[in-house]
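Novice: next input, structure requested:
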Amino acid sequence: MRFRLLTILMLVAGVSLAANPTPESRLSQVFESIEANRLDDALQRVEALIGEHPNFRLAHLVRGDLLLARARPLETFGNVAKTVPPEKVDGLREEALARLRALRSRPADDRLPRSVLQLHSEQKHALLVDSRRSRLYVFANEKGRPRLVADYYVTLGKNGIEKTREGDQKTPVGVYHVTANLPRRKLTDFYGAGAFPINYPNEWDRRQGRDGYGIWLHGVPRDVYSRPPRASDGCIVLANPDLESVGRYVQVGLTPVIVADEIEWSDAAAVEAERAGLAAALEQWRADWQSRDTERYLAHYSQRFASPGQDYAGWAAHKRKVNAAKSWIKVGVSRVAMFRDPRERDFVVVTFDQDYRSSGLSNAMRKRQYWVKEGAAWKIIYEGAG
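Specialist: Model (predicted):
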């Protein structure tokens with residue numbers, strides 16, 4: 001006897017097991033046994049899994065189906081009593097599919113996320129969330145380039161992604177970073193093992209009129225192992241063991257969190273070409289500012305440019321006045337990070353340390369710029385403190 005849906009799940013899965021199996025990979029083993037019609041073996045495996053993780057509701061549902069399969073054929077996944085609310089079973093089915101599809105569609109070793117163009121030397125890891133796969137991917141920084149080291153199932157907003165307003169129960173899409181680490185002892189049980197707030201809304205969100213607050217990566221209550229793929233109020237939610245694992249990668253104020261509808265994977269050569277092109281534009285901007293040729297410097301800015309309190313016309317007038325009063329300018333740029341925004345096309349967030357010195361002023365700051373492709377040229381559309 002086989003479960004029709006579980007057969008489909010295993011065809012979708014097709015995964016190899018990790019050397020140190022996780023609850024997710026062990027559940028995949030259960031499905032492999034079901035696909036091979038080894039139902040007793042599957043039952044033993046799922047009962048062992050439940051013994052270690054008694055709050056793993058999806059595993060309980062599979063166990064119930066396996067026990068029921070001894071009495072009669074099962075036509076679907078989750079043949080539970082009609083007294084169980086159907087939406088709960090539907091959520092577990094969606095979780096099973098999301099977990100197994102993500103494991104089946106893991107990116108090849110030679111593919112890189114197009115959104116991570118460059119990490120600076122102190123950023124040890126980057127976190128990328130793929131909404132369609134309900135997956136969070138962790139990338140290590142290897143000489144500025146990303147290398148996939150781990151991935152986890154996540155729950156996102158009840159109403160999907162593209163957050164625009166407070167209370168819409170959607171998860172934002174964009175480039176963010178972790179702003180704090182809130183331990184379990186400072187939170188209610190609802191947040192589980194802890195929480196990592198991110199800086200939504202960022203500068204670009206506010207410029208686009210998007211609002212809301214309180215978007216966190218956090219865990220789940222003690223009586224729950226995980227939640228369905230679409231069940232949060234907009235936060236990114238992980239099983240508590242997974243959140244604790246992710247927490248070991250997080251650096252407050254440094255770790256980027258990029259949330260996408262779907263991660264776009266590319267080959268290393270293409271990503272490097274994009275990075276090099278934008279790096280050249282940034283270097284030319286630095287050199288032109290340092291040259292005191294104000295019109296050449298201003299040519300790097302879009303006519304749609306805005307900074308806090310200024311549009312392009314105001315910015316240009318201010319820069320002409322300031323630069324005219326200088327006899328020399330030196331500009332240093334270091335610790336550069338570049339991340340392509342997953343919502344906008346040809347739109348990159350660039351953050352760096354700026355060391356500015358001139359005949360009248362010296363200062364150092366962390367700066368953030370948003371660069372957009374206009375025709376064949378990269379232009380700055382926003383600039384402010386980073």
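Novice: for the chain, which helix is longest?
Specialist: Ranked by residue count under DSSP state H, the longest helix found in the chain is helix 268-291.
Novice: what residues sit buried inside it?
Specialist: 271, 274-275, 278, 281-282, 285-286, 288-290 (16 or more other CB atoms under 10 Å). Glycine gets a C-beta too; all of them are placed from N, C-alpha and C.
Novice: helices or strands up against the following helix or strand past that helix?
Specialist: Downstream of helix 268-291, the first helix or strand assigned by DSSP states H and E is helix 294-298. Here helix 294-298 touches helix 268-291, helix 312-324, going by 3 or more CB pairs under 8 Å, 6 or more residues apart in numbering; DSSP states H and E.
Novice: so for Tyr225, which of those helices sits nearest?
Specialist: Closest to Tyr225 of the helices and strands packed on helix 294-298 is helix 268-291 (CB to CB; 35.8 Å).
Novice: just the buried residues of stretch 132-145, please?
Specialist: By neighbour count with 16+ other CB under 10 Å, stretch 132-145 contains the buried residues 133-139, 141, 144-145.
Novice: same deal with stretch 21-32?
Specialist: Within stretch 21-32, the residues that qualify as buried are 22-32, counting by 16+ other CB under 10 Å.
Novice: going by distance to Lys88, which of those residues wins?
Specialist: Using CB to CB, those come closest to Lys88 at Leu27, 17.9 Å.
Novice: surely that closest one is in contact with Leu49?
Specialist: Yes. With contacts counted by CB atoms under 8 Å, Leu27 reaches Leu49, the gap being 6.6 Å.
Novice: any residues in contact with both of the two?
Specialist: Ala59 (CB atoms under 8 Å, 6 or more residues apart in numbering).
Novice: I'd like to know how many residues surround Asp346.
Specialist: Using other CB atoms under 10 Å, Asp346 has 13 other residues around it.
Novice: and for the closest residue to it other than its chain neighbours, the neighbour number?
Specialist: Nearest residue to Asp346, sequence neighbours excluded (CB to CB, 6 or more residues apart in numbering): Lys373, at 3.4 Å. Using other CB under 10 Å, Lys373 is surrounded by 16 other residues.
Novice: how about Val46?
Specialist: Close neighbours of Val46, defined as other CB under 10 Å, add up to 28.
Novice: circling back to that earlier point, looking at the buried residues of stretch 21-32, which are in helices?
Specialist: Residues of the buried residues of stretch 21-32 located in helices (DSSP H): 23-32.
Novice: out of those, what pair is the most spread apart?
Specialist: Going by CB to CB, the pair spanning these furthest: Pro23 and Glu32, at 15.0 Å.
Novice: one step back: okay if I get the buried residues of stretch 132-145 as CSV plus distance to Trp265?
Specialist: What follows is those, written out as CSV (distance: CB to CB, whole Å):
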residue, distance to Trp265
Arg133, 12
Ser134, 17
Arg135, 13
Leu136, 15
Tyr137, 10
Val138, 15
Phe139, 12
Asn141, 18
Gly144, 18
Arg145, 14
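Novice: inside strands: which ones of these?
Specialist: In this view, these that belong to strands under DSSP state E are 135-139, 141, 145.
Novice: looking at those residues, spot the one nearest Asn199.
Specialist: Among those, Leu136 lies closest to Asn199 (CB to CB), at 17.3 Å.
Novice: so how far is Ala102 from that closest one?
Specialist: 10 Å (CB to CB, to the nearest Å).
Novice: same thing with Glu142?
Specialist: 23 Å.
Novice: about what we covered before: can you list the residues that contact the longest helix of the chain?
Specialist: Here helix 268-291 makes contact (CB under 8 Å, 6+ apart) with 110, 112, 114, 116-118, 145, 296-297, 299-300, 329-331, 333, 336, 338, 340, 348, 350, 352, 371, 377-378, 380.
Novice: just the ones of these in strands?
Specialist: Short answer: those in strands (DSSP E) are 112, 116-118, 145, 329-331, 333, 336, 338, 340, 348, 350, 352, 371, 377-378, 380.
Novice: which of those are buried?
Specialist: The neighbour count (16+ other CB under 10 Å) marks 112, 116-118, 145, 329, 331, 333, 336, 338, 340, 348, 350, 352, 371, 378, 380 as buried among the ones in strands among the contacts of helix 268-291.
Novice: isn't Val250 right up against Leu182?
Specialist: No. Contact between Val250 and Leu182 fails when scored by CB under 8 Å: they sit 11.5 Å apart.
Novice: and the residue of the chain positioned farthest from its centre, its phi and psi?
Specialist: For the chain, the largest distance from the centre (CA atoms, centre = their mean) belongs to Ser327, which lies 45.3 Å off. Here is the backbone geometry of Ser327 (degrees, to the nearest 10): phi -90, psi -20.
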